[in-house]
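Peer 1: Structure for the following, please:
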Amino acid sequence: MTAAVPTKLIFTTFKTSGNSNKAVIGLHGWSGDEQSFLAVAKAVNLKTSKWFIPRAPYDADAKSGGTWFSGTEKSGWKYKKSWNGLDNLLMEINSQGFLSKNIYLVGFSQGAAFALEYGLRLPFNLGGIIAIAGFIKNIDKLARESSPASLNNSVLIMHGDQDDIIAPFHSNKIFDFLDRRGNSVRLETYPARHNIPVEANSLIKNFIENNK
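Peer 2: Below you'll find the predicted structure:
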């Protein structure tokens, strides 16, 4: 029996200066790719951070681009490629000299769901997690499987109050869950639909640059 081949995610990088003391992993939404989230990295304009922006490993049904979770409720969900791929990307980032406590997960929509599902299960804490217009499909399951170390993760939740794709109440549920378990968590809403408006960029930037 041959061993499974580790998943290597296709990714791009971006930084605005030569010296980077923090790493940021940007996770796109359903049917996006590494290029769609690159625009976010450029708009946020972090001065001392390097972005790593992977492409989801599964093909999005009926659309171009990728998805972090593939399948249906009936057929079951596939996500091992996403999980293993992000494990390998974290090792790559560590090998470049970034400590885990200086790595941030930033996700939009389905990418926000993946950032929370993955980041809260890690056996060590990250610098923080930013979930934009996201959701958690099964909060009770995540509560059981979250690691004690992840209690040290600071979390910023962001959501447009006019979002008609993923309703804002999903972010309220995430906030209540994280607040109950003891994470340092903040919820910010703004007048927007299912997107990342210009006014959200400063929230992302301040959270990463000022988080200790």
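
Peer 1: for this structure, longest helix please?
Peer 2: Counting by DSSP state H, the longest helix found in the chain is helix 80-95.

Peer 1: what's the helix or strand for R144?
Peer 2: Taking DSSP states H and E as the criterion, R144 maps to helix 139-145.

Peer 1: From the chain's centre, how far out is that helix? Work that out for me.
Peer 2: From the chain centre to the centre of helix 139-145 is a distance of 18 Å (Cα atoms, centre = their mean, to the nearest Å).

Peer 1: Please work out which residues outside it touch it.
Peer 2: 116-117, 120-121, 136, 173-174, 177, 181 (Cβ atoms under 8 Å, 6 or more residues apart in numbering). (Each C-beta comes from the backbone N, C-alpha and C, glycine too.)

Peer 1: What is the following helix or strand past that helix packed up against?
Peer 2: Per DSSP H and E, the first helix or strand lying C-terminal to helix 139-145 is strand 154-160. For strand 154-160, the elements it packs on are strand 128-132, helix 169-181, strand 185-190, helix 198-210, judged by 3 or more Cβ pairs under 8 Å, 6 or more residues apart in numbering; DSSP states H and E.

Peer 1: Looking at the ones you listed, which is nearest to N153?
Peer 2: Ranking the helices and strands packed on strand 154-160 by their distance to N153 (criterion: Cβ to Cβ) puts strand 128-132 first, at 5.6 Å.

Peer 1: who touches Q35 in this structure?
Peer 2: Applying Cβ under 8 Å, 6+ apart, the residues contacting Q35 are T12.

Peer 1: scratch that, L122
Peer 2: For L122, the contacting residues are 147, 149-150, by Cβ under 8 Å, 6+ apart.

Peer 1: Likewise for A192?
Peer 2: Neighbouring residues of A192 by Cβ under 8 Å, 6+ apart: 160-163, 199-200.

Peer 1: how about a cut-off of 7 Å?
Peer 2: 160, 162 (Cβ atoms under 7 Å, 6 or more residues apart in numbering).

Peer 1: Kindly report the same for T67.
Peer 2: By Cβ under 7 Å, 6+ apart, the contact set of T67 is 30-31, 56, 58, 60, 110.

Peer 1: again, only this time at 10 Å
Peer 2: 28-32, 56-61, 78-79, 82, 110-111, 114 (Cβ atoms under 10 Å, 6 or more residues apart in numbering).

Peer 1: among those, which ones are buried?
Peer 2: Among the contacts of T67, those classed as buried by 16 or more other Cβ atoms under 10 Å are 28-32, 56-57, 60, 79, 82, 110-111, 114.

Peer 1: Name the nearest of the residues you listed relative to A43.
Peer 2: Closest to A43, out of all of the buried ones among the contacts of T67 and judged by Cβ to Cβ, is H28, at 14.1 Å.

Peer 1: Wait, that closest one touches G107, no?
Peer 2: Yes: using Cβ atoms under 10 Å, H28 makes contact with G107 at a distance of 8.0 Å.

Peer 1: what residues are shared contacts of those two?
Peer 2: Listed as contacting both H28 and G107 by Cβ under 10 Å, 6+ apart are 37, 68, 114.

Peer 1: Of these, which is the nearest to T7?
Peer 2: Nearest to T7 out of these is W68 (Cβ to Cβ; 12.0 Å).
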